[in-house]
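Asker: Sequence first, then the predicted structure:
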Amino acid sequence: MAGGKGAPKTVLDKVIHAIRSSPPGANGGVSRVSIAKYLKSEFEYDNAARLKQAIKKGVSAGKLVQHGQSFSVKGDASRKKAEDPEPLQMDDLKVGKGDGAEVGDTVTVKYAGKLDDGTQFDAANSFSFTLGAGDVIKGWDQGIKGMAVGGKRKLVVPSKLGYGKRGCSPDIPPNATLHFQVTMKKIQKED
C-alpha cells in the first residue's frame, strides 16, 4: 500500500490503492470512473476535482502512467486484462458478386437471428442500414463489411459485440451469443 503502514492518507495514495485493487481494463490500466467508484465505496471519498488533480499530479510526478483514458502505477508489473473478448466468427456460405460493402454504404440484407439453443429471436426479408454508422450491433457492423450482393454469411456474434450484459428484453437474454445467417441483397455505395 502506498504511503506506508495503515490506510492510504493522501488522495494520490488512495488512487494508487484503487488502481492496484481494481481489475485492469483491456490496456492494463484502470479508468478514472472506476477509480472514483472505488474511492467512493472504499473510502467514502467523492471529490471529482481533487481526484482529477491527484491523478494529474501522479502522472506529472512519474508515479502513475496514463494509457489513453486509464491509469496504472509506474513500476508495477503489467496487468493486462486476463481474457480477450471472444472474437466475431464469420463463415461465408456463398460468396457474392461485385464489390463488397464498405463503411458508409447503405446495405439491404435478409437475415435470421437465433440464440445458442436454436430459438429464433428475429428475422427479416429486407432490412436496410448504413454500415459502420452504429445503427446495428457491433457484430453486424464488423461482420457484414466486405459482403457482396448475393453473398450469404453465417455470423456468430459474442455478447460483447451484441447486446452485452443487458441483453435486449424480452427476446435476447443477458450475455447471449447470437447466431445470424445473413444474405446481402443490395449495396448502395456512399456518394
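Answerer: Ah, there it is. Residues are numbered from 1 along each chain as shown.

Asker: Give the helix, strand or coil label for the residue most central in space within the chain.
Answerer: The residue lying closest to the centre of the chain (CA atoms, centre = their mean) is residue 160, at 5.9 Å. Here residue 160 is recorded as helix under DSSP: H, G, I helix; E, B strand; the rest coil.

Asker: Confirm for me that it is in contact with residue 88.
Answerer: No - using CB atoms under 8 Å as the test, residue 160 is too far from residue 88 to be in contact (9.5 Å). From N, CA and C alone the C-beta is placed, and that goes for glycine too.

Asker: ok, and residue 16, which helix or strand is that part of?
Answerer: helix 11-21 (DSSP states H and E).

Asker: per-residue confidence averaged over that helix?
Answerer: The pLDDT scores in helix 11-21 average 91.

Asker: Kindly export that helix (C-alpha atoms) in CSV.
Answerer: Output of helix 11-21 as CSV, limited to C-alpha atoms (Å, rounded to 0.1, in the frame of the first residue of the first chain):
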residue,chain,number,x,y,z
VAL,A,11,-5.7,11.4,-2.4
LEU,A,12,-2.9,10.1,-4.6
ASP,A,13,-2.2,7.3,-2.2
LYS,A,14,-5.9,6.3,-2.4
VAL,A,15,-5.7,6.5,-6.2
ILE,A,16,-2.7,4.1,-6.2
HIS,A,17,-4.5,1.8,-3.8
ALA,A,18,-7.6,1.9,-6.0
ILE,A,19,-5.6,1.1,-9.2
ARG,A,20,-3.8,-1.8,-7.5
SER,A,21,-7.1,-3.2,-6.1
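
Asker: Give me the next element, helix or strand, following it.
Answerer: Proceeding C-terminally, helix 11-21 gives way to strand 30-31 as the next helix or strand, assigned by DSSP H and E.

Asker: From the contact counts, what lies against that next one?
Answerer: Where contact means 3 or more CB pairs under 8 Å, 6 or more residues apart in numbering; DSSP states H and E, strand 30-31 is packed against strand 70-73.

Asker: Spell out the residue ranges of the helices in the protein.
Answerer: In the chain, the helices defined using DSSP state H lie at 11-21, 32-43, 48-60, 138-143.

Asker: Serialize those to CSV and add fields for mean neighbour count.
Answerer: Formatted as CSV, these follow (neighbours: other CB atoms under 10 Å):
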stretch, mean neighbour count
helix 11-21, 21
helix 32-43, 16
helix 48-60, 15
helix 138-143, 20
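
Asker: In JSON lines, list those helices along with distance to residue 102.
Answerer: Formatted as JSON lines, the helices of the chain follow (distance: least, CB to CB, whole Å):
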{"stretch": "helix 11-21", "distance to residue 102": "40"}
{"stretch": "helix 32-43", "distance to residue 102": "34"}
{"stretch": "helix 48-60", "distance to residue 102": "39"}
{"stretch": "helix 138-143", "distance to residue 102": "11"}
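
Asker: out of those, nearest to residue 165?
Answerer: helix 138-143 (14.3 Å; CB to CB).

Asker: Would you confirm that residue 24 contacts residue 35?
Answerer: No - using CB under 8 Å, residue 24 is not in contact with residue 35, being 11.9 Å away.
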